[in-house]
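Asker: just to be clear, the model below is a prediction. Sequence and coordinates:
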Amino acid sequence: QVQLQESGPGLVQPSETLSLACTVSGGSITALHYSWSWIRQPPGKGLEWMGAISFSGSTYYSPSLKSRTSISRDTSKNQFTLDLTSVTREDTAVYYCAPWVQGAGSFGSWGQGTQVTVSS
């Protein structure tokens, strides 16, 4: 069973770059027909899909975040990462990584999530 684990700093200062990693176990991030997403949930708000990287390395971003978001991968570590630049307090959220299974047309098991607070 594929398992995901987010990691990164819990506190980021305004205007800095938020960087998170998602380590995948039990499966390869290059496995066909999978893509790997970042999703966040600000306090009191709904889930927001931020972007994804496919098994082939293609990237896709939410239009509202595209100018500040970069998703990359390290296949040697079976890991994909999120960089969000110029953060503000509105970027405070729980950040999740999750696999999209193309054949099933749904997300697989999500990571447990990591709280990121933007504050000086």
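Answerer: Perfect, I can see it now.
Asker: all contacts plus neighbour counts: C-alpha atoms, from now on.
Answerer: OK.
Asker: next structured bit after the lowest-mean-pLDDT helix or strand in the chain?
Answerer: Across the helices and strands of the chain, mean pLDDT, DSSP states H and E gives its lowest value to strand 106-107, namely a mean of 90. Counting by DSSP states H and E, the next helix or strand C-terminal to strand 106-107 is strand 114-118.
Asker: same for the least confident helix or strand of the chain, what does it pack against?
Answerer: With contacts defined as 3 or more Cα pairs under 8 Å, 6 or more residues apart in numbering; DSSP states H and E, strand 106-107 has these neighbours: strand 93-101.
Asker: which residue lies nearest the spatial centre of the protein?
Answerer: With distances taken as Cα atoms, centre = their mean, the residue of the chain nearest its centroid is residue 38 (2.5 Å).
Asker: skipping adjacent residues, who's closest to it in space?
Answerer: residue 97 (4.6 Å; Cα to Cα, 6 or more residues apart in numbering).
Asker: the chain: strands as residue ranges?
Answerer: Along the chain, counting by DSSP state E, strands occupy 3-7, 11-12, 18-25, 34-41, 48-54, 59-61, 69-74, 79-84, 93-101, 106-107, 114-118.
Asker: looking at the ones you listed, which has the lowest confidence?
Answerer: The weakest mean pLDDT among those belongs to strand 106-107, with a mean of 90.
Asker: what pairs with that strand, parallel or antiparallel?
Answerer: strand 93-101 (antiparallel) (DSSP bridges).
Asker: buried residues in the strand it pairs with?
Answerer: By neighbour count on 16 or more other Cα atoms under 10 Å, the buried set for strand 93-101 is 93, 94, 95, 96, 97, 98, 99, 100.
Asker: other residues contacting that strand?
Answerer: 4-6, 22, 33-43, 106-117 (Cα atoms under 8 Å, 6 or more residues apart in numbering).
Asker: now with 7 Å?
Answerer: Here strand 93-101 makes contact (Cα atoms under 7 Å, 6 or more residues apart in numbering) with 4, 6, 22, 33-43, 106-117.
Asker: sounds good, over and out.
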